[in-house]
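[1] Structure of the sequence below:
(one chain, ligands or ions: 1)
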Amino acid sequence: MEFKKALVTGGAGFIGSHIAQDLLSNNIETIVVDNLYMGKEEYIPSGCRFVKMDIMDADKLEDMFDGVDIVFHQAAHVTIRNSIDNFYNDAYTNIMGTVNVINAVMKKNVKKLIYASSMGVYGQALSLPMKEDQKLEPTSPYGISKLAAEKYCLQMAEFGSFDAVALRYFNTFGTKQTLTPYVGVITIFINRLLEGKVPLIFGDGKQIRDFVSVLDIARANILAMKHGKNGQVMNIGSGKGTTVNEVAQMIIDRMDGGIKPEYGSPQAGEPGDSIADITRAREFINYEPRYFLSDKIDEIIEWNKRR
Ligand SMILES: NC(=O)c1ccc[n+]([C@@H]2O[C@H](COP(=O)([O-])OP(=O)(O)OC[C@H]3O[C@@H](n4cnc5c(N)ncnc54)[C@H](O)[C@@H]3O)[C@@H](O)[C@H]2O)c1
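    Here you go, the predicted structure:
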């Protein structure tokens, strides 16, 4: 299958803007659709065509899909914690927005859809590392919405004439992450230190997370474009676990050696430990993580200082 023209929903956001960059590097004409709810126009790589549009605007969205070969669907409301108070809006965007994207894919005969799924679909890990076939019991409205949307993509691909691949991203770190109180513990800790505050850890900080570079996530999307087969679902992580305490210490050591983090109560909806089993991604699309947090942390701190 040949892909000449791609569309990235949410391409002004953290992950989408990196995918758009990799698409351009692969000489693929790239359209970014984003309503700038969270993303920023300056994050969109030059060379992309940018259309400011809401994916909820189904008719206009459909027009954007003319001649598009492949869609990378990243646009979503991305937060576990905030999705409890905002479950209606999050479900509307994450589920119905995805339905709009699938509808446009089907009407305009797009060949392939790569869906940005999430580790949030699992809920609690039944064993570590987490395999894709473990029970899916999301513990947050966000996780439910990502799971529903993932199922819509895969099921409609069965009925339709397009291929769908779902990539379940783990905790992604890197530059260009929008600063919010809810998503991206690394970006949040760095920015608290830049504001003269200490990192605030929810719970005892011993919770394990799989921190994966946004560069690896973007590359996994390109690999899924090239090698992913219809119906495949796979974890995209680093395959390694790091505690939140270790992350806080790594950042403190580099930014303000003497201080200690503060601890607050655990947050509702947050899953326990998580580490991705990346065997499937290795097998299906030849994915291998290249960047680890300790190699990239200085660059991310510098980027946040210049933000
Ligand atoms: N960041 C993570 O650690 C992580 C982990 C697992 C899965 N994901 C998934 O990856 C995808 C990208 O996440 P991100 O971290 O880059 O978040 P982000 O908020 O930076 O990017 C999402 C983008 O979608 C846009 N958007 C939101 N609603 C829209 C709408 N109605 N119409 C058009 N554009 C809209 C936002 O403006 C933003 O630019 C999401 O689908 C998310 O669920 C992210």
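[2] which bits of the stretch 51-200 of the chain sit near the ligand?
    Those residues of the stretch 51-200 of the chain that sit near the ligand, judged by C-beta under 6 Å from any ligand atom, are 54-56, 74-76, 78, 93, 97, 116, 118, 146, 169, 171-172, 178, 183. Every residue, glycine included, has its C-beta placed from N, CA and C.
[3] go again using 8 Å as the cut-off
    By C-beta under 8 Å from any ligand atom, the part of the stretch 51-200 of the chain that sits against the ligand consists of 53-56, 73-78, 93-94, 97, 116-120, 142, 146, 168-173, 176-178, 183-184.
[4] List only those of those flagged as buried.
    The neighbour-count criterion (16 or more other C-beta atoms under 10 Å) marks 53-55, 73-78, 93-94, 97, 116-120, 142, 146, 168-173, 176-178, 183-184 among these as buried.
[5] From these, which land in strands?
    Among those, the residues falling in strands (DSSP state E) are 73, 116-118, 168-169, 171-173.
[6] will you turn the residues you listed into TSV that also has distance to Ser83 and pLDDT?
    Conversion of those to TSV gives the following (distance: C-beta to C-beta, whole Å; pLDDT from 0 to 100):
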residue	distance to Ser83	pLDDT
His73	18	98
Ala116	16	98
Ser117	15	98
Ser118	11	97
Arg168	17	98
Tyr169	16	98
Asn171	16	95
Thr172	17	96
Phe173	20	96
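[7] Between these, which sits nearest Phe162?
    His73 (11.9 Å; C-beta to C-beta).
[8] so that closest one touches Gly13, yeah?
    No. Applying C-beta atoms under 8 Å as the test, His73 and Gly13 come out as separate, 11.8 Å apart.
[9] What is the nearest of the ones in strands among the buried ones among the residues of the stretch 51-200 of the chain next to the ligand to Gly231?
    Checking these against Gly231 by C-beta to C-beta gives Ser117 as the nearest, at 13.2 Å.
[10] Just list whatever residues bridge to that closest one.
    As for beta bridges, Ser117 partners with Arg168 under DSSP bridges.
[11] What pLDDT does the model give the closest residue to Val99 other than its chain neighbours?
    Take Val99 and drop its neighbours on the chain: the residue closest to it by C-beta to C-beta, 6 or more residues apart in numbering is Tyr152, 6.0 Å away. Residue-level confidence at Tyr152 comes out at 98, pLDDT.
[12] now do Ile301
    According to the model's per-residue confidence, Ile301 sits at a pLDDT of 96.
[13] Which strand or helix spans it?
    Secondary-structure assignment from DSSP states H and E places Ile301 in helix 293-306.
[14] for that helix, packing partners?
    Taking 3 or more C-beta pairs under 8 Å, 6 or more residues apart in numbering; DSSP states H and E as the contact definition, the neighbouring helices and strands of helix 293-306 are strand 171-173, helix 185-194, strand 211-213, helix 244-255.
[15] which parts of it are buried?
    Residues of helix 293-306 classed as buried under the neighbour-count rule (16+ other C-beta under 10 Å) are 293, 296-297, 300-301, 303-304.
[16] Secondary structure class of the closest residue to Ala157 other than its chain neighbours, three-state.
    With sequence-adjacent residues excluded and distances taken as C-beta to C-beta, 6+ apart, Ala157 is closest to Ala164, at 3.5 Å. For Ala164, the secondary-structure state derived from DSSP: H, G, I helix; E, B strand; the rest coil is strand.
[17] beta partners for Ala164?
    Leu113.
[18] Could you check how far it is from Val233?
    In this structure, Ala164 and Val233 are separated by 9 Å, where distance is defined by C-beta to C-beta, to the nearest Å.
[19] what residues are shared contacts of the two?
    Leu154 (C-beta atoms under 8 Å, 6 or more residues apart in numbering).
[20] okay, these two: which has more neighbours?
    A side-by-side neighbour count of Ala164 and Val233, using other C-beta atoms under 10 Å, places Ala164 first with 26 against 21.
[21] Need the contact partners of stretch 285-297.
    Taking C-beta under 8 Å, 6+ apart as the criterion, the residues outside stretch 285-297 that touch it are 173-174, 186, 211-213, 215-216, 219-220, 223-224, 226-228, 234, 236-240, 242, 247, 250-251, 254, 278, 281-282.
[22] are any of these buried, and which?
    Burial by neighbour count, judged by 16+ other C-beta under 10 Å, picks out 173-174, 186, 211-213, 215-216, 219-220, 223-224, 228, 234, 236-240, 242, 247, 250-251, 278, 281 from those.
[23] for the helices and strands packed on helix 293-306, which one sits closest to Leu24?
    strand 211-213 (18.9 Å).
[24] what's in contact with the closest one?
    The list of residues contacting strand 211-213 from outside it, by C-beta under 8 Å, 6+ apart, reads 169-174, 186, 236-238, 242, 247, 276, 289-293, 296.
[25] And stretch 176-188, by the same measure?
    Taking C-beta under 8 Å, 6+ apart as the criterion, the residues outside stretch 176-188 that touch it are 13-14, 17-18, 38-40, 43, 78-82, 171-173, 191, 199, 209, 211, 214, 244, 247, 251, 293, 297, 300, 303-304, 307.
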